[in-house]
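Colleague: when you get a sec, could you give me coordinates for this:
(2 chains)
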Amino acid sequence: DGGITQSPKYLFRKEGQNVTLSCEQNLNHDAMYWYRQDPGQGLRLIYYSQIVNDFQKGDIAEGYSVSREKKESFPLTVTSAQKNPTAFYLCASSIFASMNTGELFFGEGSRLTVL
Amino acid sequence: GESVGLHLPTLSVQEGDNSIINCAYSNSASDYFIWYKQESGKGPQFIIDIRSNMDKRQGQRVTVLLNKTVKHLSLQIAATQPGDSAVYFCAEIEGNAGNMLTFGGGTRLMVKP
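Modeller: This next block holds a predicted model:
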């Protein structure tokens, strides 16, 4: 079945460590996104990529980094510079780069907890 | 969309009743709106969308109403079922904003059997 796969589902990290969250899609979608969700709040955009080897900062990019070496993959690294990394992270994709032409498909999310 | 901090507004309805979930948006230039449903521990799922040249759109058991005059969006769910229990988010996008979808804070719907 086509879809978006995020891993790991749960991740624990010590302060000062970098961690990388995986996001893979087999939908042949051009655009991919990373959102952060905090308890009781909406989603905030971290980074997005409209095409391979290109990505743009979202509203809260500080302390995060991404890469888009393949169309199917958009990993997110939460660096030690991120002051409050404990959150639920959601990866999404859309068939076209322009949001006005289609919906977002979301993965199941990765919950990161900093100990 | 609305920002509600740590506590989501909650709507509690009886099974079989109709539900109305509301969302206020602030950007008068927004021209595309989407409702998402998010079950606990999962990613949001698309429910229905509407463009600014429409004021109503119907899906299966769901209807979205758009009032651009007061910048208000609502999601109506007919004959609410226990499986409808989730958090519902509205999202908006401005035509010139590219991929910048702005999400509201969400409303938790609880369906009582």
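
Colleague: which residue is the nearest non-sequential neighbour of the residue in chain A that chain B sits nearest to?
Modeller: Proximity of chain A to chain B (Cβ to the nearest Cβ) peaks at residue A:106, 3.2 Å away. (Glycine included, C-beta is placed from N, CA and C.) Among residues not flanking residue A:106 along the chain, residue B:43 sits closest, at 3.2 Å (Cβ to Cβ, 6 or more residues apart in numbering or on different chains).

Colleague: what strand or helix carries the closest residue to chain A within chain B?
Modeller: Relative to chain A, the nearest point of chain B is residue B:43 (3.2 Å; Cβ to the nearest Cβ). If you go by DSSP states H and E, residue B:43 is not part of any helix or strand.

Colleague: which pLDDT value belongs to it?
Modeller: Residue B:43 carries a pLDDT value of 89.

Colleague: wait, it touches residue A:108, no?
Modeller: Yes: in this structure, residue B:43 is within contact of residue A:108 by Cβ atoms under 8 Å, at 5.3 Å.

Colleague: between those two, who's got more neighbours?
Modeller: Neighbours per residue (other Cβ atoms under 10 Å in any protein chain shown) separate residue B:43 from residue A:108, with residue B:43 holding more: 22 against 15.

Colleague: residue contacts, the spatially most central residue of chain A?
Modeller: Centre of chain A computed as the mean C-alpha position; nearest residue by Cα atoms, centre = their mean is residue A:34, 2.7 Å away. Contacts of residue A:34 were listed using Cβ atoms under 8 Å, 6 or more residues apart in numbering or on different chains, and they are A:21, A:23, A:45-48, A:58, A:64, A:66, A:74, A:76, A:89-92.

Colleague: repeat for residue B:102
Modeller: When contacts are counted by Cβ under 8 Å, 6+ apart, residue B:102 touches B:1, B:25, B:27, B:30, B:91, B:92, B:93.

Colleague: where neighbours are concerned, which of these has the most?
Modeller: For the contacts of residue B:102, the largest number of neighbours (other Cβ under 10 Å) sits with residue B:91, at 26 neighbours.

Colleague: hmm, residue B:75 and that residue touching each other?
Modeller: No: Residue B:91 lies out of contact with residue B:75 (Cβ under 8 Å); the separation is 11.7 Å.

Colleague: hey, which helix or strand in chain B has the poorest pLDDT?
Modeller: When the helices and strands of chain B are scored by mean pLDDT, DSSP states H and E, strand B:102-103 comes last with a mean of 84.

Colleague: strand partners (parallel or antiparallel) of that one?
Modeller: Sheet pairing of strand B:102-103 (DSSP bridges) gives strand B:86-94 (antiparallel).

Colleague: which other residues reach the strand it pairs with?
Modeller: The contact list for strand B:86-94 (Cβ under 8 Å, 6+ apart) reads A:42-43, A:99-100, B:1, B:8, B:21, B:23, B:25, B:27, B:29-40, B:44, B:47, B:73, B:75, B:100-109.

Colleague: repeat the analysis, applying 7 Å as the threshold.
Modeller: Residues outside strand B:86-94 that contact it (Cβ atoms under 7 Å, 6 or more residues apart in numbering or on different chains): A:42, A:99-100, B:1, B:8, B:21, B:23, B:25, B:27, B:29-39, B:44, B:73, B:75, B:100-104, B:106-109.

Colleague: so what's the residue nearest to the centre of chain A bridging to?
Modeller: If you apply DSSP bridges, the partners that residue A:34 bridges to are residue A:47, residue A:91.
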